[in-house]
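*Asks:* pasted the sequence and its predicted model underneath.
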Amino acid sequence: MKITQESDYALRIIQFLSISEESTVGASIIAEKQKVPLRFALKILRKLNAAGITKAYRGVSGGYSLAKKPETISYKDVIVAIEGDIYLNKCIADKSGCTRDASEKCPMHKKLVKIQQLLDKELESAKFGDN
């Protein structure tokens, strides 16, 4: 599993908003400060808004802010908002994804499920207020 560039940017955007002294920050400022192309930042912010992680404000003093306190936003929340559910292997997401139809008795499946649980736990415990 590899975190995509989009998820990396999203994590950086949330980190930036979590430490910003401004109540709202314009997309162009976020993009500039985080070295994210503006069009890509806007796409990411739309996904974060849809997930309820950020809020958008229109108008002259508009911009973006966190919709929740940073310490309640996990890295997993952000990655799932961008990528969808995170799975190490397709058989973990859907047992019918096993080409051998053996997920129940497969020793690899059992080990990967344990690793998946550890990954989920770590991503859920990493919060933005935990600097």
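*Replies:* Structure received. No experiment lies behind these values; they were computed from the predicted model shown. Numbering: from 1, shown residues only.

*Asks:* run through this structure and note the low-pLDDT ranges.
*Replies:* Counting by pLDDT under 70, the chain shows low-confidence ranges at 1, 95-99, 101-103, 130-131.

*Asks:* which residues in it form strands?
*Replies:* For the chain, the strands defined by DSSP state E cover 54-57, 63-66.

*Asks:* pull the last one out as PDB, backbone CA atoms only.
*Replies:* The reference is to strand 63-66. Provided in PDB are the C-alpha atoms of strand 63-66 (Å, rounded to 0.1, in the frame of the first residue of the first chain):
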ATOM      1  CA  GLY A  63     -12.000  30.500   2.600                       C
ATOM      2  CA  TYR A  64     -11.700  27.200   4.300                       C
ATOM      3  CA  SER A  65     -11.500  26.100   7.900                       C
ATOM      4  CA  LEU A  66     -11.700  22.800   9.800                       C
END
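
*Asks:* neighbouring contacts of that strand?
*Replies:* In this structure, residues lying in contact with strand 63-66 by CB atoms under 8 Å, 6 or more residues apart in numbering are 14, 17-18, 22-27, 29-30, 45, 49, 53-57, 73. The C-beta positions use only the backbone N, C-alpha and C, and glycine is treated the same way.

*Asks:* switch the cut-off to 6 Å
*Replies:* For strand 63-66, contacts defined as CB atoms under 6 Å, 6 or more residues apart in numbering pick out L17, S23, T24, V25, G26, L45, T54, K55, A56, Y57.

*Asks:* just the first one next, same as before
*Replies:* With CB under 6 Å, 6+ apart as the contact definition, strand 54-57 has outside contacts at T24, L48, N49, G63, Y64, S65, L66, A67.

*Asks:* off-centre distance for that strand?
*Replies:* In terms of CA atoms, centre = their mean, to the nearest Å, the gap separating the centre of strand 54-57 from the centre of its chain is 16 Å.
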